[in-house]
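Participant: quick one: sequence plus predicted model below, questions after.
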Amino acid sequence: MEIQRNISEFILLGLSDDKKVQIFCFVLILLCFVALLVGNFLILISILCSPLFHQPMYYFLSQLSFLVICYTSSVTPKLIGGLLEGTQTISYGYCMVQVFTMHFFGSSEIFIITTMAIDRYVAICKPLHYMIIMNRTKCNFLILAAWAAGIAHSFPQLFMIMQLPFCGPNEIDHYFCDIFPLLKIACTDTYMIGILVVISSGVIILLIFVILFLSYIIILYTLRNLSVEGRCKALSTCVSHISVVVLFLVPAILSYLRPPTSFPEDKVVALFYTILAPMFNPFIYTLRNTEMKNAMRKVWCQMLFSKET
């Protein structure tokens with residue numbers, strides 16, 4: 001059956017109609033995006049150019065930084081351009097690309113965060129077997145599994161949206177093409193598709209959050225058997241991971257685990273998991289991590305001095 005689709009582009013209503021608010025959002029989001037790119041590129045290059053790359057924890061962290069860059073870049077440049085130009089039009093094809101990339105990179109990021117929790121669990125609860133369990137082959141398998149899970153999640157989301165007819169209003173009450181705002185303007189009954197989205201996105205994110213929460217309870221309980229120095233080091237790493245999990249997953253749960261419709265507050269909540277939380281990742285993982293700070297200092301000092309000579 002041929003899908004009715006008279007709309008070739010959508011209009012993103014963005015964050016606000018007020019010009020002053022738009023200017024404020026433009027400056028704020030641009031600064032956040034630059035900080036996000038600089039911070040995550042620093043982490044990525046520092047790990048790739050140092051011995052930390054051979055440690056599972058930092059190997060996963062380099063993957064996380066790469067995914068964060070891709071994930072945020074699928075939305076933020078379009079948002080910044082729209083705030084600067086005052087127009088928020090987006091073609092149908094680009095809109096579908098945003099739906100796919102947001103869910104692909106976002107879900108892959110969640111699964112990489114989960115693998116990092118697995119790594120910390122093995123390191124603290126099974127320290128004598130750590131290098132055997134978390135060898136490079138298994139680390140590569142976990143990363144491939146995270147990417148495969150991202151593909152398995154994102155393609156059904158894209159397929160459901162591409163089957164919808166869009167023949168009426170083309171205004172999306174959001175700053176990027178998200179599923180619930182698109183369901184709202186489709187020319188058909190989308191209730192069942194909305195329920196499927198809640199199950200495939202919201203429920204899965206909630207289950208992952210609960211699993212991560214329980215794993216960290218076990219990890220924190222195990223810390224009592226470590227020495228004071230080992231306990232402080234492990235606790236510092238766990239606090240960093242827990243902070244990233246809460247900042248990223250809680251807003252995502254609020255966005256997808258609720259009735260399948262769109263609300264004005266969705267745009268504010270989405271800012272947390274698309275821009276603000278990813279921006280804080282470099283600070284969370286480096287400020288309290290001596291190994292990471294030393295590696296960054298060594299790598300970048302070598303680069304600067306080698307250019308001068």
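Facilitator: Yep, that arrived. Numbering: from 1, shown residues only.

Participant: can I get the strand or helix carrying Gln302 in PDB, CA atoms only?
Facilitator: Per DSSP states H and E: Gln302 is located in helix 290-308. Extracted C-alpha coordinates of helix 290-308, given in PDB (Å, rounded to 0.1, in the frame of the first residue of the first chain):
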ATOM      1  CA  THR A 290      44.700  11.300  38.300                       C
ATOM      2  CA  GLU A 291      45.600   8.800  35.600                       C
ATOM      3  CA  MET A 292      43.500  10.600  33.100                       C
ATOM      4  CA  LYS A 293      44.900  14.000  34.000                       C
ATOM      5  CA  ASN A 294      48.500  12.700  33.800                       C
ATOM      6  CA  ALA A 295      47.900  11.100  30.400                       C
ATOM      7  CA  MET A 296      46.400  14.300  29.100                       C
ATOM      8  CA  ARG A 297      49.300  16.400  30.400                       C
ATOM      9  CA  LYS A 298      51.900  14.100  29.000                       C
ATOM     10  CA  VAL A 299      50.300  13.600  25.500                       C
ATOM     11  CA  TRP A 300      49.500  17.300  24.900                       C
ATOM     12  CA  CYS A 301      52.900  18.500  26.300                       C
ATOM     13  CA  GLN A 302      54.600  16.100  23.900                       C
ATOM     14  CA  MET A 303      52.500  17.400  21.000                       C
ATOM     15  CA  LEU A 304      53.200  21.000  21.800                       C
ATOM     16  CA  PHE A 305      56.900  20.600  22.400                       C
ATOM     17  CA  SER A 306      57.400  18.400  19.200                       C
ATOM     18  CA  LYS A 307      55.700  21.200  17.100                       C
ATOM     19  CA  GLU A 308      58.000  23.800  18.600                       C
END
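
Participant: elements contacting it?
Facilitator: Judged by 3 or more C-beta pairs under 8 Å, 6 or more residues apart in numbering; DSSP states H and E, helix 290-308 is in contact with helix 19-48, helix 277-286. Backbone N, C-alpha and C define where each C-beta goes, glycine included.

Participant: go with 10 Å
Facilitator: In terms of contacts (3 or more C-beta pairs under 10 Å, 6 or more residues apart in numbering; DSSP states H and E), helix 290-308 is packed against helix 19-48, helix 56-73, helix 228-256, helix 277-286.

Participant: between those, which gets the lowest average pLDDT?
Facilitator: Lowest mean pLDDT of the helices and strands packed on helix 290-308: helix 228-256, a mean of 80.

Participant: hang on, the earlier thing: save the helices and strands packed on helix 290-308 as JSON lines, and put in distance to Phe180 too.
Facilitator: As requested, the helices and strands packed on helix 290-308 are arranged in JSON lines below (distance: least, C-beta to C-beta, whole Å):
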{"stretch": "helix 19-48", "distance to Phe180": "21"}
{"stretch": "helix 56-73", "distance to Phe180": "18"}
{"stretch": "helix 228-256", "distance to Phe180": "8"}
{"stretch": "helix 277-286", "distance to Phe180": "20"}
